[in-house]
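Peer 1: Provide a 3D model corresponding to the input given below.
(2 chains)
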Amino acid sequence: DAGVTQSPTHLIKTRGQHVTLRCSPISGHKSVSWYQQVLGQGPQFIFQYYEKEERGRGNFPDRFSARQFPNYSSELNVNALLLGDSALYLCASSSGTAEYNEQFFGPGTRLTVL
Amino acid sequence: AQSVTQLGSHVSVSEGALVLLRCNYSSSVPPYLFWYVQYPNQGLQLLLKYTTGATLVKGINGFEAEFKKSETSFHLTKPSAHMSDAAEYFCAAGGSNYKLTFGKGTLLTVNP
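Peer 2: Take a look at the predicted model:
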């Protein structure tokens, strides 16, 4: 079975632009979470979606938004990009939302904001 | 709020030596605990997890971790390091708010 896939792998944007990152979960997984990993730091939780509904949100500004589609794939949108948004964005899928459910991570999208 | 602290941002060992990566968590209620490994330019891979029950947890690639409630610790060990173990390791805690809280990571270097 295919793992979690993310696209694109790399992206370069300039300040003020908008970006959309995409994630396809493992087949059968209904929960998708997004994390931001700044260089030299651990991943920081952004969102969790389950059955197309937002279940959790981290401490990120409203410039960050996400949605989940009927096929359980997900998009993360970031508006008005700042230099500080440069990071690796990780998507993770799991079979449920319980805190003990294993989250399977994709390879990430490397976003560079110039 | 939960927090996870990994002592030592960089650990260097010789091939064949013991690996010990330290993790402490802060929580009023023992959380669910995880260790992930990240190889360069890749996502995170789960090594092992503690939910309930046995406090000594065995994972993949010969790694194990012991949950010690009295010390709020969940240190990761491997008896004999291999060159392929060189990577970044993250300790994480899962609570009741749907998210994983990660430590800052420990970069493991294995010297020949």
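
Peer 1: Which residue is the nearest non-sequential neighbour of residue 93?
Peer 2: Because you didn't say which chain, this covers chain A. Using CB to CB, 6 or more residues apart in numbering or on different chains and skipping the chain neighbours, the partner closest in space to residue A:93 is residue A:25 (3.2 Å). C-beta: built from backbone N, CA, C; applies to glycine.

Peer 1: my question was about chain B
Peer 2: Using CB to CB, 6+ apart, the nearest residue to residue B:93 is residue B:31, at 4.1 Å.

Peer 1: ok, now which ones touch the one you found?
Peer 2: Contacts for residue B:31 (CB atoms under 8 Å, 6 or more residues apart in numbering or on different chains) come out as A:99, B:2, B:25, B:93, B:94, B:95.

Peer 1: Surely the third one is within a strand?
Peer 2: Which is residue B:25. Yes. With DSSP: H, G, I helix; E, B strand; the rest coil as the criterion, residue B:25 is assigned to a strand.

Peer 1: Against residue B:71, how distant is it?
Peer 2: Going from residue B:25 to residue B:71 by CB to CB, to the nearest Å gives 10 Å.

Peer 1: next one: the second one
Peer 2: When distances are taken as CB to CB, residue B:2 and residue B:71 turn out to be 17 Å apart.

Peer 1: more neighbours, the two?
Peer 2: residue B:2 (18 against 10; other CB atoms under 10 Å in any protein chain shown).

Peer 1: didn't the more buried one look like it was pressed against residue B:27?
Peer 2: Yes. When contacts are counted by CB atoms under 8 Å, residue B:2 is listed as touching residue B:27 (5.1 Å).

Peer 1: Give the full set of residues in contact with the residue sitting nearest the centre point of chain A.
Peer 2: With distances taken as CA atoms, centre = their mean, residue A:34 lies nearest the centre of chain A, 3.0 Å away. Contact analysis of residue A:34 by CB under 8 Å, 6+ apart lists A:23, A:45, A:46, A:47, A:48, A:66, A:74, A:76, A:89, A:90, A:91, A:92.
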